[in-house]
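Colleague: Take a look and give me a structure for this.
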Amino acid sequence: MDKGRFLIEVHLRTGRPLAELAAADRVHRSWLYKLLARYRREGEAGLEPRSRRPHHSPTRIAGRDEDEIVALRKQLTDIGVDAGAATIQAHLARRLADVPSVPTIWRVLKARGFVTPQPHKRPKSSWRRFAAELPNECWQADVTHWALADGAAVEVLNVVDDHSRACVASRVFVRTRSADVVRTLHRAAAKWGYPKALLTDNGAIFTASYRGGEAAIEAELLSLGIASKHSRPYHPQTCGKVERFHQTLKKFLAKQEPATTKKQLQRQLDRFAAYYNHVRPHRALGRRTPADAFAARERAYPSGARVDCAGYRVRHDKVSRSGNVTLRYRSRLHHIGVGHAYVGWRVILLVAGREVRILTLEGDQLRRLVLDPSVDYQPIP
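Modeller: Down below sits the predicted model:
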């Protein structure tokens, strides 16, 4: 039996004062007085438990605003772009004077069945975020895979600016080659300017140092004075911004009519890049668009030494504790002396047949020699 009903019945049956009953059962006497008044006014129905929900909620948003939130959610979801509460608020801010808060929008979406609450995993405060300070200070490039309507596999080369998250290039190829990366770099630079550094993974189209071959993009970056950076093997988080962009792009493509040709897919990529750069509010940028963030600061520019490496194979190395670097020639490993003064230095090797040039990252030449294939160690003369 409900405690309130029980105490009122005891009062009516025995005549014990309500104040005494309240003190004995450790409840507030005003509550019992309200129940008694309700009983005298409504009878037994007055003792039934009632909802504590207020009759009026001045802060509740109008049904019209709720419908607009839902309509915007459906619109963004249908075109395959981000449709979270914060994104919806950013879009509403462009058309409404009184914008609901993000928690309010989230509650509307939850009440309408668009959101399934999930427990948080790792707290955001535990992540260590890195972003370049200036536009064009660093670009991230990577290749992802997609399929045409007939199942034919193609590759999409995406390049994003580390500071502003702007998509500076998104190009589709049947199979991406190092020369395609070079052309994409120049095409993007014609609109956005050349970057100070380019960060990629260790894919064959980006670097050939581990296999002794030649990647055209490495030579091109050296000639332009652009620093070449690579992520640690099996650690895609280093290139996390372009990896995340892959997911956003694929979510959009999955909502489009499957492209039947490479040209049709390229038109979809161009349409998405325009929306992503100029319309879509970005969470990491305080809900600004990437284009706004890119234009808000002065751009960085290439500051490295311009090294003419035409006709040379480019290889990066580090001077060992013995003061030398290694080079494989005709399947035989050779050690080339550089000097103990340069132990630990990062250097660039330019190789053309047996001719070898060893340069610092600033472009200063440390040594130039003609390799003697008959000996393992090439001493300093």
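
Colleague: residue ranges of the helices in the chain, please?
Modeller: For the chain, the helices defined by DSSP state H occupy 3-14, 18-25, 29-42, 63-78, 85-92, 102-111, 178-192, 216-224, 240-254, 262-278, 290-295.

Colleague: what angle do the third one and helix 3-14 make?
Modeller: Meaning helix 29-42. In this structure, helix 29-42 runs at an angle of 70 degrees to helix 3-14, with axes from the mean of the first three to the mean of the last three Cα atoms, to 10 degrees as the basis.

Colleague: Check which residues of helix 29-42 are buried.
Modeller: Within helix 29-42, the residues scored as buried using 16 or more other Cβ atoms under 10 Å are L32, L35, L36, R38, Y39. From N, CA and C alone the C-beta is placed, and that goes for glycine too.

Colleague: Next, the angle from that helix to helix 18-25.
Modeller: For the pair helix 29-42 and helix 18-25, the angle between their directions (the same axes, to 10 degrees) equals 120 degrees.

Colleague: wait, isn't L72 in contact with Q89?
Modeller: No: taking Cβ atoms under 8 Å as the contact criterion, L72 and Q89 are not neighbours in contact, 9.8 Å apart.

Colleague: ok, the two, which is more surrounded?
Modeller: When L72 and Q89 are compared on other Cβ atoms under 10 Å, the one with more neighbours turns out to be Q89, at 22 against 18.

Colleague: For L36, see how far away that one is.
Modeller: 48 Å (Cβ to Cβ, to the nearest Å).

Colleague: mind putting the helices of the chain in a markdown table, mean pLDDT and distance to N136 included?
Modeller: Compiled in a markdown table, the helices of the chain are given as follows (pLDDT from 0 to 100; distance: least, Cβ to Cβ, whole Å):
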| stretch | mean pLDDT | distance to N136 |
| --- | --- | --- |
| helix 3-14 | 85 | 71 |
| helix 18-25 | 86 | 73 |
| helix 29-42 | 88 | 68 |
| helix 63-78 | 84 | 30 |
| helix 85-92 | 88 | 25 |
| helix 102-111 | 87 | 32 |
| helix 178-192 | 93 | 7 |
| helix 216-224 | 84 | 12 |
| helix 240-254 | 94 | 14 |
| helix 262-278 | 96 | 14 |
| helix 290-295 | 94 | 8 |
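
Colleague: Can you say which of the ones you listed is nearest to G323?
Modeller: Comparing the helices of the chain by their distance to G323 (Cβ to Cβ), the top pick is helix 216-224, with 23.9 Å.

Colleague: Show me what that closest one is packed up against.
Modeller: With contacts defined as 3 or more Cβ pairs under 8 Å, 6 or more residues apart in numbering; DSSP states H and E, the packing partners of helix 216-224 are helix 178-192, strand 227-230, strand 313-318.

Colleague: mind putting the ones you listed in a markdown table, distance to D376 and mean neighbour count included?
Modeller: Converted to a markdown table, the helices and strands packed on helix 216-224 look like this (distance: least, Cβ to Cβ, whole Å; neighbours: other Cβ atoms under 10 Å):
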| stretch | distance to D376 | mean neighbour count |
| --- | --- | --- |
| helix 178-192 | 31 | 17 |
| strand 227-230 | 28 | 18 |
| strand 313-318 | 16 | 19 |
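
Colleague: looking at these, which is closest to E298?
Modeller: With respect to E298, and counting by Cβ to Cβ, the nearest of those is helix 178-192 at 13.5 Å.

Colleague: Only the C-alpha atoms, please, for that closest one, written as PDB.
Modeller: Output of helix 178-192 as PDB, limited to C-alpha atoms (Å, rounded to 0.1, in the frame of the first residue of the first chain):
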ATOM      1  CA  SER A 178      53.800   7.600 -58.400                       C
ATOM      2  CA  ALA A 179      53.500   9.800 -61.500                       C
ATOM      3  CA  ASP A 180      49.800  10.300 -60.700                       C
ATOM      4  CA  VAL A 181      50.700  11.600 -57.300                       C
ATOM      5  CA  VAL A 182      53.100  14.100 -58.900                       C
ATOM      6  CA  ARG A 183      50.400  15.400 -61.200                       C
ATOM      7  CA  THR A 184      47.800  15.600 -58.400                       C
ATOM      8  CA  LEU A 185      50.300  17.600 -56.300                       C
ATOM      9  CA  HIS A 186      50.800  20.200 -59.000                       C
ATOM     10  CA  ARG A 187      47.100  20.300 -59.800                       C
ATOM     11  CA  ALA A 188      46.200  21.000 -56.100                       C
ATOM     12  CA  ALA A 189      49.000  23.500 -55.800                       C
ATOM     13  CA  ALA A 190      47.600  25.500 -58.700                       C
ATOM     14  CA  LYS A 191      44.600  26.300 -56.500                       C
ATOM     15  CA  TRP A 192      45.800  26.000 -52.900                       C
END
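
Colleague: circling back to that earlier point, redo the helices and strands packed on helix 216-224 as TSV? Include distance to L47.
Modeller: Shown next, in TSV, are the helices and strands packed on helix 216-224 (distance: least, Cβ to Cβ, whole Å):
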stretch	distance to L47
helix 178-192	73
strand 227-230	75
strand 313-318	84
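
Colleague: Minimum distance to I61: which of these has it?
Modeller: Relative to I61, the nearest member of these by Cβ to Cβ is helix 178-192, separated by 40.6 Å.

Colleague: So which residues make contact with that closest one?
Modeller: 136, 139, 141, 157, 159, 161, 166, 168-169, 171, 173, 194-195, 198, 204-206, 208, 215-217, 220, 294 (Cβ atoms under 8 Å, 6 or more residues apart in numbering).
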